[in-house]
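> starting from these lines, generate the structure:
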Amino acid sequence: MSQAQEYILGTSLTEQKRLLKQGTLFEAEACWLLDQVGLQAGARAIDLGCGPLGILHLLAERVGSTGEVVGVDREARLLDMARTIVADRRLPNVELFKRDVTATGLPRAAFDLVHERLVLMMTPHTKQMLAEMVALTRPGGVVAVQDLDVVSHICEPEHAAWLQLLTTYHRVYQARGLDGYLGRRLPGLLRAAGLVEVQVKVHTQVSHVGEFGQTLFLDIIEGLRDHIIADGLHIPDELTALVEALREHLNTPGTLVVQPLLFQVWGRKPV
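Residues are numbered from 1 along each chain as shown. From the prediction side, this is the model:
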């Protein structure tokens, strides 16, 4: 985030745990992406907006003991958890920095892979962050981004509380200059940032009762609760009633949730 833009979902322990579970939800897709970009042993890679883990562990495994991985985040509490996890997992080739992802202050043209996941969509300064990513990448290196497009986000059977809360979600994000449909714009943004050989892959998942993804949207709504109330979108009792009604529906056998599209887009910095 920029220094003027706090992480909209906060840094509570609940949010830290949610981010870790969300990372697990998208781990297979992240591994697929790293296969495509061909990250080699001995390479230098950076994960911008890594939060409590991001894909630091996946990068560390790929670059090996001769490589280097850097994690950057501006939220001290998220980095504290990241440091604990990095130590517990014995990842000596990972270094963490508390920096603004739009202006890291790190060496230019120093990394073989510069990566972010679900960070561009959480900052109104998308172009500035992409410019920083390109600046950090060595000539011939790769910039890889992963962000969502909520066009596919539905529950079936449909429910009135889902539709109301989805509208609320969009209004909170839009009021802060954030774009829930960013995914589809990523290829054009990477090309405009000067990258070549831009490639795209889109993934989605379907969740069922009892799975983490089934109620992930409710976790996000709860994380936005203070913003929703402050923006005058719902009074507290009304919001609680909507959440409870939707939770009951999502926990009804046979209800499924189609997750937002995960756009993976990567391109090479010209030599």
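> where do the strands sit along the stretch 1-150 of the chain?
Using DSSP state E, counting those that start in this stretch, the strands of the stretch 1-150 of the chain run over 44-48, 68-73, 94-98, 111-117, 137-149.
> can you redo these as TSV with distance to residue 271, mean pLDDT and mean neighbour count?
Where you see a C-beta, it was placed from the backbone N, CA and C, and this is true even at glycine. Putting the strands of the stretch 1-150 of the chain into TSV (distance: least, C-beta to C-beta, whole Å; pLDDT from 0 to 100; neighbours: other C-beta atoms under 10 Å) gives the following:
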stretch	distance to residue 271	mean pLDDT	mean neighbour count
strand 44-48	17	98	26
strand 68-73	22	98	25
strand 94-98	27	97	17
strand 111-117	13	98	26
strand 137-149	5	98	22
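> so which of these is nearest residue 201?
Closest to residue 201 of the strands of the stretch 1-150 of the chain is strand 137-149 (C-beta to C-beta; 9.6 Å).
> within its sheet, name the partner strands of the closest one and how each one runs.
In the sheet, strand 137-149 lines up against strand 111-117 (parallel), strand 261-268 (antiparallel) (DSSP bridges).
> what angle separates it from strand 44-48?
40 degrees (axes from the mean of the first three to the mean of the last three C-alpha atoms, to 10 degrees).
> pull the distance from strand 137-149 to the chain's centre.
13 Å (C-alpha atoms, centre = their mean, to the nearest Å).
> let me know the next secondary structure element after that strand.
Downstream of strand 137-149, the first helix or strand assigned by DSSP states H and E is strand 154-156.
> name the helices or strands packed onto that following strand?
Contacts defined by 3 or more C-beta pairs under 8 Å, 6 or more residues apart in numbering; DSSP states H and E place strand 154-156 against strand 256-258.
> how about the strands of the stretch 1-150 of the chain in TSV, adding distance to residue 202?
Output for these, formatted as TSV (distance: least, C-beta to C-beta, whole Å):
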stretch	distance to residue 202
strand 44-48	21
strand 68-73	26
strand 94-98	29
strand 111-117	15
strand 137-149	8
